[in-house]
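Chemist: Pasting the sequence and the predicted coordinates here, then a few questions.
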Amino acid sequence: MRKIWDIHGGIHPPENKTQSLQDNIRAAGIPAQLIVPLSQHIGAPAAPIVNVGDRVLKGQMIGEAKGFVSAPVHAPSSGTVAAIEPRVIPHPSGMSAPCVVINCDGKDEWISHQGISDYRSLDKNTLVDTIRNAGIAGMGGAGFPSSVKLSGGKDKPIDTLILNGTECEPYITADDILMQERAAEIIAGAEILRHIVEPNETLIGVEDNKPEALAAMRAAAEGTGIEVVSFPTKYPSGGEKQLIQILTGKEVPSGGLPADIGIVCQNIGSARAIYRAVCHGEPLISRVTTVTGEACSTPRNYDVLIGTPVQYLLDLSHFDASRCIRLIMGGPMMGYTLQDTAVPIVKTSNCVLAPTVEELPPPPPAQACIRCGMCAEACPVSLLPQQMYWFSRAQEHDKLEEHNLDDCIECGACSYVCPSNIPLVQYYRASKAEIRQAQQDKIKAERSKERFEARQARIEREAAEKEAKRKARLEAAKAKQQSATKDGSKDDIIQAAIARSKAKKSGGADTPSQDPAQAAIARAQAARSGDAVSETAEEKTARLEKQLASTEKRLAAAQQKLQLAIDNNDDNVEAFRSGVEKTEGKLQTLRKELDAHRASQAPAPAESVSDDPAAAAIARAQAKRAGGAEAESPYAARERLTTQIASTEKRLDAAQQKHADAQAQGDANAAAFATAVEKTQAKLDKLRAELAALPAAEPEPPAEASNADDPAAQAIARALAARNANAELSEADKARNAVSSLEKRIAKTQQKLDQAQADGDDNAAILSDTLAKLQGKLDEARQALDALSQEEN
Amino acid sequence: MIELITQHPFAAALLALVSLGLVFGALLGFASVKFKTEGDPIADQVEALLPQTQCGQCGYPGCRPYAEAIANGDDINKCPPGGEATIAALADLLGVEAKPLDAAEEAVPSVAYIREDECIGCTKCIQACPVDAILGAAKHMHTVIASECTGCDLCVEPCPVDCIEMRPIETTLQTWHWDKPQPTEDLIASDRRGNSPIEAA
């Protein structure tokens, strides 16, 4: 005889098991509708793999396992999937969870399935996979996926395999009757488990209040080496850890698993399901469930399909709702009240209890704790329930953890023995949840803090980067400014002009260089800063020209795009075309405006004499500002006209070029370009006429505008030349002027000649003659200049 | 030496006390430099108890500043998301009286929800979120990463189209738990009997 250990505490409530043992297991049959929850186990819910309207066969997988700790679900009978939706499930919360609802067709048609005839030849992992695919989860009540228990603990050898046939809770007889009637299948399942786990010994624990089951099991286990152990009845011997302690004397460490001490524990129902899965290929689609209680006139055990509504079972047992005080899923100790009889039987439902008021009266009102200590005596885990009760009420979570609240198995023995009827176990359940919640909150708070700090750091970093960039830009600007001042480069001209105009304003008498370009820039600067009252004519011209130039550029770009779009058959051709048209319109407007402006400026009379064109320009501007328009000097007028002619010539060239391009490409705008060319030509002619009309009283012709790209440099050159022309010139200067003027003319003529040659013009010969003559003149002038400079020195 | 003490007890006592003072003063001064604590340990402990919603309902811009304020003597009852539990924990830590919460009611744990078809993509809420729990880009719909949302409701106010609402976190099967029983057992049987005449009257 095997040595039996005892557990601490425990109680002996009335067993009430005989009522449901009067009859054999009866098949409950197929209800009209099956409600199969996707989560009937501990772990991740299964994911549905069928659609509404699909026909499913008995045993067909309808939900696949998601993750390691998970189990699939199967159709318990053939039929059509009516819905996949949340339904109320058997859970103390009375909440809903996703379920597959199957309308049964009553044919109970199996999917093709095949058992493994010789599982011993198979790899353990294959067997564990078979068990996993059969959706077997602990049928004792917790619903832990069996395959996880079997596949874990590879690093630790399993010493003992224990099958739990204890069934210690009152009223429940599902395991009892299963052992009586299906002992051979349980033993076969145990053999499979032995093959997988390879333990040194295999024990089946059965309480001594089930003599028939014990006899049946012992008979079936004869000669297999499996030992069926009987031990005194006591609640809660059926707890996994309690049973291990009773059979082996070993205690599972706090927070540990049985595998940690080399033990695997399975329910006998699970063992039978494993047998059906391995040897017959049948997944877990039915189980034995006890329906009992005095409100049912025929209490008995049913072999019931998973998903069968509780109401269906109650009807089979002639349930009288008026007599029932509350409907309990599970036993009277650890079960919970069902709010709804539509909930289905699931893999873990071992009992439906329908007691009358006399049978299970509502608990009397709780009274104050008298510190009798009976709860501590009854506790199977040797905790101090009354201490924990006080800590739970005071929310002292630290103290609760110190008193090992986590080890409480929520068996309810303490509540059962409490003379003050305090629902102690409810406090522990609530406190466990509170502690879990607090831990989760703490984790979340930590993460929030991390994220908050990361964000703060990021904002600071960004601000610092911005500041650094701003500083770098400032430094760069300063450095540039300084280098510009040193080199006297063009960049600094604006600054210089500002400085000069300031000096002027403050009464600084003489300005060292009254450069018209600088003055113009200064004016522009002033205008930009909003100081200028009105635009001078020159400024307006400059602005309009600039606008014109940029618009032309844009037009060219737009046309190019349009061409590209046409080539590519792009959808946006229309958009591009309208864009081109718009730009053209703008260009025309600008041109007109510029022409009008020029026309209004052109016939300005020339009267006053001024030493300096720059001063003259300033004077003009000032005069204009004052409202009294003073006349332009004839020289100034000439100079202006020359400039205008030069620029108009340039534009004419550009316009002609464009016109040619447009014609070459067959552009629709060729006509517009032609008009523009004509107009520019007319304008040029007009300007030339005006220039000719000017009194030719000037001592020297103003220098031709150089072809330098920079208008400012041009202006400077012009202004310098003009100043020289107007000043009392020394002979040497005059000679120098002549030289430079000649040089310019030569350059220009050369350019024209090049152009003419390139175009094959008739004038090429004439131009080359002119060039030769000019060259001769230049040589003369240079000689004269040399002679003069020698004299001076 | 002994003679000195017996002859001039007052001077000797003075000398002894002064030298002791000097020795311990030097020791303390050395210790304060050698074992200097970086940061504020009390503020750290307080911060660990705060819920880190960063909601600013206490009047400080985040949990850390409030923790520092508490360490410097501010009231411990200004945290609505933490509620009574946090106040109790703080009172326990700091050894002060627990006070009732300085707010109309304890904040219900909630999560921000953006009605996405109304969102105009202005990014204002993204800038307001203290924990970067809102995802989106300019002129694109935004959405809340619910698992990271602390329910501080700082994003609700800046929204120009009022498309953000705070939704209480719903209980799921995973988060459901048993409630504590109503503590009626503080009454003894005679109390209950005493109640009935009052009810009758």
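Modeler: Yep, that arrived. Numbering: from 1, shown residues only, chains lettered A, B, ... in the order given.
Chemist: Okay, now the unreliable bits of chain A?
Modeler: For chain A, residues meeting the criterion pLDDT under 70 lie at A:1, A:152-155, A:486-496, A:504-536, A:569-572, A:601-635, A:666-670, A:694-733, A:760-762, A:791-793.
Chemist: who's in contact with the spatially most central residue of it?
Modeler: Nearest residue to the geometric centre of chain A (CA atoms, centre = their mean): A:Arg451, 15.5 Å. Applying CB atoms under 8 Å, 6 or more residues apart in numbering or on different chains to A:Arg451 gives the contacts B:131-133, B:148. All C-beta spots, glycine's among them, are computed from the backbone N, C-alpha and C.
Chemist: In terms of helices and strands, where is residue 93?
Modeler: Reading this off chain A. Here A:Ser93 sits in a region with no helix or strand, counting by DSSP states H and E.
Chemist: right idea, wrong chain: chain B
Modeler: Going by DSSP H and E, B:Leu93 is in helix B:83-94.
Chemist: name the element A:Cys279 belongs to?
Modeler: Assigned by DSSP H and E, A:Cys279 falls within helix A:268-280.
Chemist: which helices and strands does that helix pack with?
Modeler: The criterion is 3 or more CB pairs under 8 Å, 6 or more residues apart in numbering or on different chains; DSSP states H and E, and the helices and strands that helix A:268-280 contacts are helix A:124-133, helix A:146-151, strand A:160-164, helix A:174-181, helix A:183-197, strand A:286-292.
Chemist: do you know which of the ones you listed lies nearest B:Gly95?
Modeler: Ranking those by their distance to B:Gly95 (criterion: CB to CB) puts helix A:146-151 first, at 47.4 Å.
Chemist: The closest one: how far from the chain's middle?
Modeler: The chain centroid and the centroid of helix A:146-151 are separated by 37 Å, computed with CA atoms, centre = their mean, to the nearest Å.
Chemist: Wait, a helix at the residue nearest to the centre of chain A?
Modeler: Yes: using DSSP: H, G, I helix; E, B strand; the rest coil, the assignment for A:Arg451 is a helix.
Chemist: could you measure B:Ile145 against B:Val131, distance?
Modeler: Remark: distance between B:Ile145 and B:Val131 (CB to CB, to the nearest Å) = 9 Å.
Chemist: about what we covered before: and the two most separated of the contacts of A:Arg451?
Modeler: B:Asp132 and B:Glu148 (7.5 Å).
Chemist: Pick out whichever of these two has more residues nearby.
Modeler: The neighbour count for B:Asp132 versus B:Glu148, taken as other CB atoms under 10 Å in any protein chain shown, is higher for B:Glu148 (17 against 14).
Chemist: Using the three-state scheme, assign that one.
Modeler: Of the three states, B:Glu148 takes coil under three-state DSSP.
Chemist: Show me the domain layout of the chain.
Modeler: Chain wasn't specified; assuming chain A. Per automatic domain parsing, the structural domains of chain A span A:19-353, A:374-439, A:728-793.
Chemist: ah, I was thinking of chain B
Modeler: Split by automatic domain parsing, chain B gives B:41-94, B:108-170.
Chemist: Out of the ones you listed, which is closest to A:Glu359?
Modeler: Evaluated over the domains of chain B, closeness to A:Glu359 peaks at domain B:108-170, with 37.1 Å, by CB to CB.
Chemist: Check whether the closest one comes into contact with chain A.
Modeler: Yes: using CB under 8 Å from any CB of the partner chain, domain B:108-170 reaches chain A at B:130-133, B:148, B:150.
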